[in-house]
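Student: got a sequence here, can you build the structure:
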Amino acid sequence: MKSDDFAGAEEVWEEWLSLKTLFDIQVPNAMFTCYSKKGLWEKARGICEKDYREWELGAYSFDLLATGYSVGGLMVKAAEKIKKAISCLLT
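Tutor: Alright, predicted model coming up:
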């Protein structure tokens with residue numbers, strides 16, 4: 001997946017979500033990275049909050065989100081995701 005191919009990435013994302021049979025954390029992490037690099041933090045957050053309610057995200061996923069938020073200057077949101085990442089490591 002090329003980082004500038006949002007249409008293709010989102011198409012693959014929607015198809016993968018529809019399967020609901022195999023959870024591979026690399027898929028949402030790739031989307032978090034792609035969106036964060038382009039400054040689309042709300043889209044990354046949408047994946048985390050909307051699409052993944054039934055699955056547990058790990059510390060690395062929250063770290064990716066925190067990094068994206070901090071690059072965008074959204075430090076309060078970055079701190080929230082760092083807290084979630086730490087929480088994952090402590091449980």
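
Student: can you pull out the helices in this structure?
Tutor: For the chain, the helices defined by DSSP state H cover 6-19, 26-37, 41-46, 59-71, 75-90.

Student: turn those into a markdown table, columns for mean pLDDT and mean neighbour count.
Tutor: Every residue, glycine included, has its C-beta placed from N, CA and C. Supplementary listing: the helices of the chain in a markdown table, determined by pLDDT from 0 to 100; neighbours: other C-beta atoms under 10 Å:
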| stretch | mean pLDDT | mean neighbour count |
| --- | --- | --- |
| helix 6-19 | 79 | 13 |
| helix 26-37 | 80 | 19 |
| helix 41-46 | 78 | 17 |
| helix 59-71 | 86 | 20 |
| helix 75-90 | 91 | 14 |
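
Student: once you drop chain neighbours, what's closest to the residue positioned nearest the centre of the chain?
Tutor: When the chain is reduced to its mean C-alpha position, the closest residue under C-alpha atoms, centre = their mean turns out to be residue 32, at 3.5 Å. Spatial nearest neighbour of residue 32, chain neighbours left out: residue 64 (4.3 Å); criterion: C-beta to C-beta, 6 or more residues apart in numbering.

Student: residue 35 too?
Tutor: Here the residue nearest residue 35, using C-beta to C-beta, 6+ apart, is residue 44, at 4.1 Å.

Student: correct me, but that neighbour touches residue 37?
Tutor: No - Residue 44 lies out of contact with residue 37 (C-beta atoms under 8 Å); the separation is 10.0 Å.
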